[in-house]
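Undergrad: Starting from these lines, generate the structure:
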Amino acid sequence: MKILTKYPDRRLYDKSEKRFTNLQSLISHIRAGESIEVRCSKTGKDCTDSTLLSAFIGLPECREILPGELLYRLIRSTGPGVYNRRLSQRISTTLDRLMTEIDDMDVFYSQLNATSTED
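TA: Numbering: from 1, shown residues only. This next block holds a predicted model:
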């Protein structure tokens, strides 16, 4: 697992490589199958999720997956109350299904690649 430190100016320090890195490098490591953990330099708290979200949002293809209108609606829909709890439950359920589909696609394409390299 690659452990990074995130500084207040949003710079990321890679302890194993003893150098500063960027979100694009983080994305490359994740796509290569590495796990990442990001810790806040001041508090030591885990800030992996927010860093991964920043990396994802910065991808050009992200605009197709999470269009601005959806983000506006999600932001406007958040806050205390029954509506927010219900929305959170629905989003969680939908994301669970999406994760299952991604896992299924990974298996399918792995098998497909294995078959094509045998030929």
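
Undergrad: Can you tell me the closest non-neighbouring residue to the residue positioned nearest the centre of the chain?
TA: Nearest to the mean C-alpha position of the chain, by Cα atoms, centre = their mean, lies residue 52 at 4.0 Å. Nearest residue to residue 52 in three dimensions, chain neighbours excluded: residue 36, at 7.4 Å (Cβ to Cβ, 6 or more residues apart in numbering). (Each C-beta comes from the backbone N, C-alpha and C, glycine too.)

Undergrad: And residue 48, how far from residue 79?
TA: Residue 48 sits 25 Å away from residue 79, taking Cβ to Cβ, to the nearest Å as the criterion.

Undergrad: And these two? Which one has more around it.
TA: Taking other Cβ atoms under 10 Å, residue 48 and residue 79 do not tie; residue 48 has more neighbours (16 against 9).

Undergrad: Hmm, the more buried one is touching residue 30, no?
TA: No: under the criterion of Cβ atoms under 8 Å, residue 48 makes no contact with residue 30, lying 10.9 Å away.

Undergrad: can you pull out the strands in this structure?
TA: Using DSSP state E, the strands found in the chain span residues 2-6, 12-14, 19-21, 36-40.

Undergrad: ok, and what's touching the last one?
TA: Judged by Cβ atoms under 8 Å, 6 or more residues apart in numbering, the contacts made with strand 36-40 from elsewhere in the structure are 1-6, 12, 26, 29-30, 45-48, 51-52.
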